[in-house]
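>>> Any chance you could fold what I've pasted below:
(one chain, ligands or ions: 2)
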Amino acid sequence: MDAVLERINHDPELKVLPQEEGHRPTRAEAEAAVRTLIKWAGDDPSREGLIDTPKRVAKAYEEFFEGYKKDPAEILSRTFSEVAGYDDMVVLRGIKVESHCEHHMVPVSGTAHVAYMPNGHVVGISKLARIVEAFAKRLQTQETMTAQIADAIEKHLDPKGVAVVVDATHQCMTCRGVKHDGVYTITRQFRGVFKEADQERRFWDLVRG
Ligand SMILES: Nc1nc2c(ncn2[C@@H]2O[C@H](COP(=O)(O)OP(=O)(O)OP(=O)(O)O)[C@@H](O)[C@H]2O)c(=O)[nH]1
Ligand SMILES: [Zn+2]
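Numbering: from 1, shown residues only. Ligands and ions are numbered 1, 2, ... in the order given. This next block holds a predicted model:
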């Protein structure tokens, strides 16, 4: 691997990685990398239809991977305790998940169900969807994303329990490789009171409607 990096960094034809460690590539470097990929795929990056593609791809990447700029602590910082003693679970069913697999960088799409058992205060419900987005819009494995969502809610809301279920399809399994359609990958994290069988059952009853 080191030899590959060494070659990429020193071959002017291949120079797409920054020389200095920790340096974020510039937009121009990112666009040059896209031109390299277009050439490598066998097409001509200077033809009319492709001339602006590196710009478009860089812009799309900003959207696909905007989660790196999101701070879970900030998203969950505002809570409300005026809830008239509400003390049961809060469940958000069917939050859209649009992610990219870290092995092939192709889309992973599906839904997440997120629940927490409040501990005296609640959070704005949109913030739970924002937390899902903050971790989905990164290069991910489904397992990591599921655990990160649960960790963030546990850490910043301090609830009595948290449950996260992600149900998704991976284009790296449908469009390439094994090419199996209709396979849904389900990952789950049940923490705190959701480890109790009756709470888990109530969660599923609500999620299944
Ligand atoms: N556990 C897990 N695996 C994933 C996820 N997304 C993609 N993968 C898998 O990551 C694996 C990478 O395996 P490799 O053998 O290194 O790559 P590959 O040769 O492209 O594998 P194939 O997809 O089998 O062709 C594949 O089995 C993918 O299906 C994910 O979210 N979680
Ligand atoms: Zn993949």
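
>>> per the record, what domains does the protein have?
3-64, 77-208 (automatic domain parsing).

>>> Out of the ones you listed, which gets nearest to ligand 2?
The closest of those to ligand 2 is domain 77-208. By Cβ to the ion, the value is 2.8 Å. C-beta: built from backbone N, CA, C; applies to glycine.

>>> pLDDT averaged over that closest one - what is it?
Mean per-residue pLDDT for domain 77-208: 97.

>>> and it, how far from the chain's centre?
The gap between the average C-alpha position of domain 77-208 and the chain average comes to 11 Å, counting by Cα atoms, centre = their mean, to the nearest Å.

>>> The helix or strand harbouring Pro54: how far from the chain's middle?
When secondary structure is defined using DSSP states H and E, the element that contains Pro54 is helix 53-64. Once both centres are worked out by Cα atoms, centre = their mean, helix 53-64 turns out to sit 17 Å from its chain's centre.

>>> what about it, average pLDDT?
The average pLDDT within helix 53-64 is 98.

>>> residue contacts, the closest residue to Gly124 other than its chain neighbours?
Distance criterion Cβ to Cβ, 6 or more residues apart in numbering; nearest residue to Gly124, sequence neighbours excluded, is Arg78 at 6.7 Å. Under the criterion of Cβ atoms under 8 Å, 6 or more residues apart in numbering, the contact list for Arg78 reads Val123, Gly124, Lys127.

>>> Go through the domains of the chain and pick out the most buried.
The densest packing among the domains of the chain, expressed as mean neighbour count by mean count of other Cβ atoms under 10 Å, is seen in domain 77-208 with a mean of 17.
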